[in-house]
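S.K.: Could you look at this predicted model? Sequence included:
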Amino acid sequence: MASEELAGKLQRQMQPEQAEGRPELAPGAVPAPEPEKLVRVPTASADAELSAQLSRRLDINEGAARPRRCKVFNPYTEFPEFSRRLIKDLESMFKRYDAGRDGFIDLMELKLMMEKLRAPQTHLGLKSMIKEVDEDFDGKLSFREFLLIFRKAAAGELQDESGLMALAKLSEIDVALEGVKGAKDFFEAKVQALAAASKFEAELKAEQEERKREEEKRRLRRAAFRELKAAFSA
């Protein structure tokens, strides 16, 4: 009996709390239905993006990928063998095919580039091109990785029939009068850059030898002066 009274009291206490915040209904009125709660359903693109991020994180943890570079990329210091004008020309070409304006050339943008250069590639060929210089394994080309193509081409590290070599040869980056002292194309520019570097080193070495000779002459003059001074003092 006592338990029934206690249950009744609890029920009477709960009724005002449940009714609190809701307007009182007129006699005979039908209560309005509760509004439906909206449930956000993730879209397919969001799922794909999250999956790609998780996959990349796993690759980094397992050592199959490297984290993105945090430092600011300076092409002039990282690619000193390229003239400033050549880098500017390559940057303009990169931006021309970066249709998404996100600072990268993805697979479809590379496909368009190779078609414009009249050297179309298969889907696997395009993926292979990216993979050869894709340092961070993100499946697209940054400007630094784009410059690596031309560095590898100049160093003879690309196969003659590869897509990257076709890109380097057909890019038609003309550095005549702007690149390295009148070179007509990238490869001539590279040769002249090396020649200029060798000439600079030779001039520097000659200057150092001349400085040593002058220093030796001054040392001999000082020694002769001390001997003469000692002779007069005696």
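M.R.: That came through fine.
S.K.: where does the residue lying closest to Met114 once chain neighbours are set aside land in three-state SS?
M.R.: Computed as CB to CB, 6 or more residues apart in numbering, the closest residue to Met114 that is not its neighbour in sequence is Gln121, at 5.0 Å. In this view, the C-beta of every residue, glycine as well, is placed from N, C-alpha and C. Of the three states, Gln121 takes coil under DSSP: H, G, I helix; E, B strand; the rest coil.
S.K.: Around Gln121, count how many other residues there are.
M.R.: The number of residues packed near Gln121 is 19, by other CB atoms under 10 Å.
S.K.: Let me see the contact set for it.
M.R.: By CB atoms under 8 Å, 6 or more residues apart in numbering, the residues touching Gln121 are Lys111, Met114, Met129, Gly163.
S.K.: so what's the backbone phi/psi at it?
M.R.: phi -120, psi 160 (degrees, to the nearest 10).
S.K.: Rebuild the contacts of Gln121 as TSV, extending it with pLDDT.
M.R.: Below are the contacts of Gln121 laid out as TSV (pLDDT from 0 to 100):
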residue	pLDDT
Lys111	95
Met114	94
Met129	95
Gly163	92
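S.K.: Tell me which entries of the residues you listed lie within helices.
M.R.: Among the contacts of Gln121, the residues falling in helices (DSSP state H) are Lys111, Met114, Met129, Gly163.
S.K.: what residues are up against the third one?
M.R.: Just to be clear, that refers to Met129. Counted by CB under 8 Å, 6+ apart, Met129 has contacts Leu110, Gln121, Ser162, Gly163, Leu164, Leu167.
S.K.: Touching, the last one and Ala119? I think so.
M.R.: Going back to what we said before, that points to Leu167. Yes. Under the criterion of CB atoms under 8 Å, Leu167 makes contact with Ala119 at 7.2 Å.
S.K.: More neighbours: which of the two?
M.R.: Using other CB under 10 Å as the criterion, Leu167 and Ala119 rank with Leu167 on top: 22 against 15.
S.K.: check which helix or strand covers the more buried one.
M.R.: Element membership for Leu167 (DSSP states H and E) is helix 163-170.
S.K.: need the helices for the chain, in chain order.
M.R.: 2-19, 44-61, 75-78, 84-97, 107-116, 123-133, 143-154, 163-170, 186-233.
S.K.: Output the fourth one as PDB - backbone C-alpha positions only.
M.R.: Once non-C-alpha atoms are left out, helix 84-97 reads as follows in PDB (Å, rounded to 0.1, in the frame of the first residue of the first chain):
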ATOM      1  CA  ARG A  84      65.400  32.800 -62.400                       C
ATOM      2  CA  ARG A  85      63.800  33.400 -65.800                       C
ATOM      3  CA  LEU A  86      63.600  29.700 -66.500                       C
ATOM      4  CA  ILE A  87      61.900  29.100 -63.100                       C
ATOM      5  CA  LYS A  88      59.400  31.900 -63.900                       C
ATOM      6  CA  ASP A  89      58.600  30.300 -67.300                       C
ATOM      7  CA  LEU A  90      58.100  26.900 -65.700                       C
ATOM      8  CA  GLU A  91      55.900  28.400 -63.100                       C
ATOM      9  CA  SER A  92      53.700  30.100 -65.700                       C
ATOM     10  CA  MET A  93      53.400  26.800 -67.500                       C
ATOM     11  CA  PHE A  94      52.500  25.100 -64.200                       C
ATOM     12  CA  LYS A  95      49.800  27.600 -63.400                       C
ATOM     13  CA  ARG A  96      48.400  27.500 -66.900                       C
ATOM     14  CA  TYR A  97      47.500  23.800 -66.500                       C
END
